[in-house]
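> Kindly return the folded structure for what I paste below:
(one chain, ligands or ions: 3)
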Amino acid sequence: MRNVILVGPMGAGKSTIGRLLAKELRLSFKDSDKEIEQRTGADIPWIFDVEGEQGFRERERAVIAELSMQDGLVLATGGGAVMRPENRQALHAGGRVVYLHTSVEQQIDRTSRDRNRPLLRTANPSQVLRDLMAMRDPLYREVADIIIETDERPPRMVVQEILLRLEALSPR
Ligand SMILES: Nc1ncnc2c1ncn2[C@@H]1O[C@H](COP(=O)(O)OP(=O)(O)OP(=O)(O)O)[C@@H](O)[C@H]1O
Ligand SMILES: O=C(O)C1=C[C@@H](O)[C@@H](O)[C@H](O)C1
Ligand SMILES: [Mg+2]
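Ligands and ions are numbered 1, 2, ... in the order given. Down below sits the predicted model:
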């Protein structure tokens, strides 16, 4: 089986749901954010501080290009991975792409307990999430084979819906 690739904004649950989905499908799980941190030997806030967002995006491009070429992965991507056209092309070619759709209200709630997201270290993280969503939602939709609503649904329920929707897809 080619890869199953999860896209969506911060707090959509890509990392959480990706891990559960990989177990169900008996595939390996990879998280592009974690992969970037391991290869750099530093966490994401450090990379943003030292190399700027552009430095992070270049590392992200390299990791997405490499992991999309592999087989048998569930791949959770970073929230901004869809911004570059070359990433969108690599993801689309790399397998089935699932957009985990989440309202900005849920994103705010789900990201409020952790400080590992440099783009949200601002006076008004809610406005940042709103602006990013306006810009990126069309890009998530462009690259997606399947769109799944995650609001008011626990991760296990989201996983079950992904499994059903993957089965129903015709080959492309
Ligand atoms: N369907 C859900 N319902 C309730 N809480 C959820 C759901 N999915 C994820 N969460 C919680 O939301 C938080 C963020 O989830 P997660 O880190 O998986 O998001 P992400 O999409 O990987 O974000 P990022 O793009 O920043 O890596 C976690 O605390 C997780 O437990
Ligand atoms: O939405 C984004 O641009 C980001 C999301 C995270 O997954 C990380 O990739 C990083 O914090 C940037
Ligand atoms: Mg994540």
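
> In terms of pLDDT, where does the closest residue to ligand 3 within the chain sit?
Taking Cβ to the ion, ligand 3 has its nearest neighbour within the chain at Ser15, 3.3 Å off. Just so you know, the C-beta spots here come from the backbone N, C-alpha and C atoms, and that holds for glycine as well. pLDDT recorded at Ser15 is 95.

> I'd like the distance between the closest residue to Arg136 other than its chain neighbours and ligand 1.
Nearest residue to Arg136, sequence neighbours excluded (Cβ to Cβ, 6 or more residues apart in numbering): Val82, at 6.1 Å. Plainly put, Val82 is 11 Å away from ligand 1 if you go by Cβ to the nearest ligand atom, to the nearest Å.

> Quick check: pLDDT value at Val82.
98.

> which strands and helices sit next to the strand or helix carrying Ile64?
Using DSSP states H and E, Ile64 sits in helix 44-69. With contacts taken as 3 or more Cβ pairs under 8 Å, 6 or more residues apart in numbering; DSSP states H and E, helix 44-69 sits against strand 3-7, helix 32-40, strand 73-76, helix 85-94.

> try it again with 7 Å
helix 32-40, helix 85-94 (3 or more Cβ pairs under 7 Å, 6 or more residues apart in numbering; DSSP states H and E).

> Need phi/psi at the residue of the chain closest to ligand 3.
Taking degrees, to the nearest 10, you get phi -70, psi -40 for the backbone angles of Ser15.
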